[in-house]
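Asks: Below are the sequence and a predicted model for it; my questions follow.
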Amino acid sequence: MQFSPSNGDFTFVSSTGAEELSGTIDAPDIKLNMGSDHSRDAYAANFLRQRGYGWLLEVEEDEAEETKPLLEELDIDLKDIYYKIRCVLMPMPSLGFNRQVVRDNPDFWGPLAVVLLFSMISIYGQFRVVSWIITIWIFGSLMIFLLARVLGGEVSYGQVLGVIGYSLLPLIVIAPLLLFTGAFEIVSTLVKLCGVFWAAYSAASLLVSDEFKTKKPLLIYPIFLLYIYFLSLYTGV
């Protein structure tokens with residue numbers, strides 16, 4: 001005997017008829033539309049950008065930092081410094097050096113090294129001389145710079161600082177000679193004058209250009225006095 005309910009979902013049969021029946025129960029394919037990950041990410045990104053927080057979505061790529069040599073990091077060019085030293089020690093135009101590079105392309109480490117070297121040979125057991133020489137270099141260059149600007153020269157403080165610092169090289173050169181000529185007063189005086197004139201000429205030929213015209217002595221004279229003072233710090237006079 002077979003009973004069929006009104007809803008038609010199930011059919012009940014007797015045990016005798018069950019052997020002839022076969023079939024399967026398939027589960028309905030139910031999909032919940034919760035939205036894909038991509039759509040959710042796009043919605044969140046648009047939400048942040050609309051409210052001005054788009055920078056939170058920026059990803060910084062870690063770029064491999066290029067390792068540079070220490071001298072390059074400190075902006076130290078040894079070839080350039082060596083060339084400028086030659087220009088100062090050999091200021092004659094006939095030698096063919098482009099001496100204007102000392103003024104037009106100033107650097108800091110070269111003049112500082114020259115000033116420190118001059119300070120070291122001037123110590124004579126008095127460490128305070130080092131600070132005096134550095135102070136005179138900085139403020140003496142500032143005085144020359146201000147005077148040059150008043151006279152109408154187109155020069156920067158960095159250029160003056162570099163030229164004055166490099167031009168101490170002649171005084172370093174004559175320092176060993178003074179050790180041997182100290183017993184001969186006249187010879188020692190001539191060596192000192194030679195060194196001061198050498199340093200002053202090297203600096204003045206770079207700083208005192210045709211811009212000053214008839215006012216050149218007004219700038220050459222303080223440069224000359226500045227190197228006399230440097231020499232007095234070395235000799236202790």
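Replies: All right, it came through fine. Numbers count the residues shown, from 1 in each chain.
Asks: Now do stretch 168-187, average pLDDT.
Replies: For stretch 168-187, the mean per-residue pLDDT is 84.
Asks: ok, now how distant is Pro176 from Asn98?
Replies: Going from Pro176 to Asn98 by CB to CB, to the nearest Å gives 29 Å. Using the backbone N, CA and C atoms, a C-beta is placed for each residue, glycine as well.
Asks: what's the answer for Ile136, then?
Replies: Using CB to CB, Ile136 is found at 29 Å from Asn98.
Asks: Comparing these two, which residue is more hemmed in?
Replies: Ile136 (17 against 10; other CB atoms under 10 Å).
Asks: in terms of contact, does the more buried one touch Leu226 like I think?
Replies: Yes: at 7.4 Å, Ile136 counts as touching Leu226 under the criterion of CB atoms under 8 Å.
Asks: Mind pulling up the pLDDT for the closest residue to Lys215 other than its chain neighbours?
Replies: Ranked by CB to CB, 6 or more residues apart in numbering and with sequence neighbours excluded, the top spatial neighbour of Lys215 is Leu151, at 4.9 Å. On the pLDDT scale, Leu151 is placed at 80.
Asks: number of nearby residues for Val88?
Replies: 25.
Asks: Show the contacting residues for it.
Replies: Val88 is in contact with 102, 166-167, 169-170, 202, counting by CB atoms under 8 Å, 6 or more residues apart in numbering.
Asks: Am I right that it is in a helix?
Replies: Yes: assessed with DSSP: H, G, I helix; E, B strand; the rest coil, Val88 lies in a helix.
Asks: I'd like to know how far it sits from Pro217.
Replies: Applying CB to CB, the value for Val88 to Pro217 is 22 Å.
Asks: now do Phe230
Replies: From Phe230 to Pro217 the distance is 20 Å (CB to CB).
Asks: Go ahead and confirm Leu169 touches Arg86.
Replies: No: using CB under 8 Å as the test, Leu169 is too far from Arg86 to be in contact (9.7 Å).
Asks: And these two? Which one has more around it.
Replies: Legend: neighbour count by other CB under 10 Å for Leu169 and Arg86, higher for Leu169 (22 against 13).
Asks: tell me the contacts of that one?
Replies: Taking CB under 8 Å, 6+ apart, one finds 85, 88-89, 114, 199, 202 in contact with Leu169.
Asks: Excluding chain neighbours, what is closest to it?
Replies: Val88 (5.1 Å).
Asks: now do Pro93
Replies: For Pro93, ignoring the flanking residues on the chain, the nearest one in space by CB to CB, 6+ apart is Arg99 at 7.6 Å.
Asks: contacting residues for Tyr227?
Replies: Per CB under 8 Å, 6+ apart, neighbours of Tyr227: 167-168, 171, 196, 199-200, 203.
Asks: oh sorry, the question was meant for Val163
Replies: With contacts defined as CB under 8 Å, 6+ apart, Val163 is in contact with 102-103, 106, 203, 206-207.
Asks: so where's this structure uncertain?
Replies: 1-41, 43-45, 47-49, 51-68, 70-71, 124-128, 210-213, 236-237 (pLDDT under 70).
Asks: Please enumerate the helices of it.
Replies: Assigned by DSSP state H, the helices in the chain fall at 37-50, 70-73, 78-89, 100-104, 109-121, 128-150, 157-166, 169-181, 185-207, 216-235.
Asks: Go through those and pick out the most buried.
Replies: Compared across those, helix 157-166 shows the largest average neighbour count, a mean of 23 (mean count of other CB atoms under 10 Å).
Asks: tilt between that helix and helix 185-207?
Replies: 160 degrees (axes from the mean of the first three to the mean of the last three CA atoms, to 10 degrees).
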